[in-house]
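A.B. asks: could you look at this predicted model? Sequence included:
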Amino acid sequence: MVEGAGFGTEYLLSHGVQTDYAICADNSNFKMTWVSPGQVLLRITVYGLPGGAWATAHAKGRSTSQNAIVKMLPVIEALENWSAAYSERPGTPATRMADDVPAAEKRRRLNELLGVQERIGLERNRAWVGRETEVLVDTIVPPRSHDHDAEEAAGTTESRDAFAHLPDGIAHLAGRSREGKLVHVAGDPALVGELVRVRVEHGGPYALRGTLA
């Protein structure tokens with residue numbers, strides 16, 4: 001099973017399994033923590049114009065504004081866009097199709113989407129600078145390590161550099177605001193599991209950074 005893909009739950013529901021209760025194991029240590037209460041499945045259709053697709057010869061040199069995928073980004077923005085490379089989902093028609101797109105082209109397309117996403121995220125997050133927000137602290141961010149860099153959430157490395165030289169007893173903390181924003185702040189490690197007020201001093205493409213208010 002792929003964590004977060006929902007395969008187990010989808011299988012149970014599609015086969016008529018009903019439950020009266022569920023047990024959710026977490027590492028909250030009886031403090032407040034973020035959980036996933038469920039998911040919403042949406043189908044949104046965006047249309048492009050002929051010649052606007054990457055796969056057509058006519059698309060060369062043309063503006064990507066005619067591309068339906070790029071035009072979808074403002075919609076995804078409202079849903080807190082997160083773009084990632086395609087991962088195969090068992091049982092879907094795509095698993096039986098030939099892969100006719102070179103790896104380099106896949107990376108180029110993904111980087112184009114990420115570039116638009118980063119511009120949107122930077123603009124939205126910079127609007128938070130100077131404001132206060134309530135944050136549920138749920139993580140102590142460890143010092144820089146090659147073991148963590150490949151797995152950590154986007155925006156964490158930048159904030160780790162900003163908190164590289166903290167005094168004894170103060171840790172690099174992270175959590176989510178009520179608006180779902182990833183927020184980094186320095187504070188007492190005992191604040192994990194607590195709600196704190198943070199004054200935002202920096203807004204990056206993926207996260208906010210501030211000080212305890």
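C.D. replies: Cool, got the structure. These figures come from a predicted structure and were not determined experimentally.
A.B. asks: all strands of this structure, in order?
C.D. replies: 132-140, 171-177, 182-187, 195-203, 208-212 (DSSP state E).
A.B. asks: would TSV of the ones you listed with distance to Arg108 be doable?
C.D. replies: Where C-beta positions appear, they are placed from N, C-alpha and C, glycine not excepted. Supplementary listing: those in TSV, determined by distance: least, C-beta to C-beta, whole Å:
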stretch	distance to Arg108
strand 132-140	33
strand 171-177	31
strand 182-187	27
strand 195-203	28
strand 208-212	30
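A.B. asks: mind putting those strands into JSON lines with mean neighbour count, mean pLDDT and distance to Met97?
C.D. replies: Output for these, formatted as JSON lines (neighbours: other C-beta atoms under 10 Å; pLDDT from 0 to 100; distance: least, C-beta to C-beta, whole Å):
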{"stretch": "strand 132-140", "mean neighbour count": "19", "mean pLDDT": "91", "distance to Met97": "39"}
{"stretch": "strand 171-177", "mean neighbour count": "22", "mean pLDDT": "91", "distance to Met97": "37"}
{"stretch": "strand 182-187", "mean neighbour count": "23", "mean pLDDT": "94", "distance to Met97": "35"}
{"stretch": "strand 195-203", "mean neighbour count": "18", "mean pLDDT": "95", "distance to Met97": "40"}
{"stretch": "strand 208-212", "mean neighbour count": "20", "mean pLDDT": "95", "distance to Met97": "40"}
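A.B. asks: pLDDT below threshold where in the chain?
C.D. replies: Low-confidence regions of the chain, defined here as pLDDT under 70, cover residues 1-7, 9, 13, 21-30, 32-42, 50-66, 73-74, 76-87, 89, 144-156.
A.B. asks: test my guess that Asn67 contacts Gly48.
C.D. replies: Yes. In this structure, Asn67 sits in contact with Gly48. The criterion is C-beta atoms under 8 Å, and the distance is 5.3 Å.
A.B. asks: from Thr92, how far off is Gly8?
C.D. replies: Applying C-beta to C-beta, to the nearest Å, one obtains 16 Å for the distance of Gly8 from Thr92.
A.B. asks: which residue, other than its chain neighbours, is closest to Asn125?
C.D. replies: Counting by C-beta to C-beta, 6 or more residues apart in numbering, the nearest residue to Asn125 once its immediate chain neighbours are dropped is Gly203, at 3.4 Å.
A.B. asks: all good on my end, thank you.
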